[in-house]
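Q: Predicted coordinates and the sequence they were generated for:
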Amino acid sequence: MTAETLTQKYINNTEGTLKQLQWTKGPLTVTDESINQVKGYINAYLKDAKYYSAQKQFETSLTSIAYCEGLLDALKLIGATKTEHQQNQEFKK
């Protein structure tokens, strides 16, 4: 699958999901169980990214690691984590 095809697939899927979202109102409760479930997804996406990178399927690897980082960002935004993302010095240049 080309990067262009993969990108369009994820854009279409995300737009479809956004159209169907029903937002919860009021205070939310985030349980340790739900945080642990998200941590499981983070670890699975990281494992997938490494696997696909080793297989030289870099578009799929990049997609997986982007999902992983998105979940890390979400946990930070809801106050479940206090650590900053480590950035490779190469990207800071």
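A: On my side now, so go ahead. Residues are numbered from 1 along each chain as shown.

Q: Let me know the average pLDDT across the host helix or strand of Lys50.
A: Element membership for Lys50 (DSSP states H and E) is helix 32-54. The pLDDT scores in helix 32-54 average 97.

Q: Give me the pLDDT value at Gly79.
A: pLDDT recorded at Gly79 is 89.

Q: swap in the one 4 residues further on?
A: The predicted structure scores Thr83 at 74 on the pLDDT scale.

Q: what about the closest residue to it other than its chain neighbours, helix or strand, and which?
A: Closest residue in space to Thr83, ignoring its immediate chain neighbours: Lys76 at 8.0 Å, by C-beta to C-beta, 6 or more residues apart in numbering. Every residue, glycine included, has its C-beta placed from N, CA and C. For Lys76, the host element (DSSP H and E) is helix 58-77.

Q: Export only the CA atoms of that helix, formatted as PDB.
A: Coordinates of each C-alpha in helix 58-77 appear next as PDB, following Å, rounded to 0.1, in the frame of the first residue of the first chain:
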ATOM      1  CA  PHE A  58       8.000   2.500   6.900                       C
ATOM      2  CA  GLU A  59       4.700   4.000   6.100                       C
ATOM      3  CA  THR A  60       2.900   1.500   8.300                       C
ATOM      4  CA  SER A  61       5.600   1.900  11.000                       C
ATOM      5  CA  LEU A  62       5.100   5.700  10.900                       C
ATOM      6  CA  THR A  63       1.400   5.300  11.200                       C
ATOM      7  CA  SER A  64       1.700   3.000  14.200                       C
ATOM      8  CA  ILE A  65       4.100   5.300  16.100                       C
ATOM      9  CA  ALA A  66       1.900   8.300  15.300                       C
ATOM     10  CA  TYR A  67      -1.000   6.500  16.900                       C
ATOM     11  CA  CYS A  68       1.200   5.700  19.900                       C
ATOM     12  CA  GLU A  69       2.300   9.300  20.300                       C
ATOM     13  CA  GLY A  70      -1.300  10.500  19.900                       C
ATOM     14  CA  LEU A  71      -2.400   8.300  22.800                       C
ATOM     15  CA  LEU A  72       0.500   9.600  24.900                       C
ATOM     16  CA  ASP A  73      -0.600  13.100  24.100                       C
ATOM     17  CA  ALA A  74      -4.200  12.300  25.100                       C
ATOM     18  CA  LEU A  75      -3.100  10.800  28.500                       C
ATOM     19  CA  LYS A  76      -1.000  14.000  29.100                       C
ATOM     20  CA  LEU A  77      -4.000  16.200  28.300                       C
END
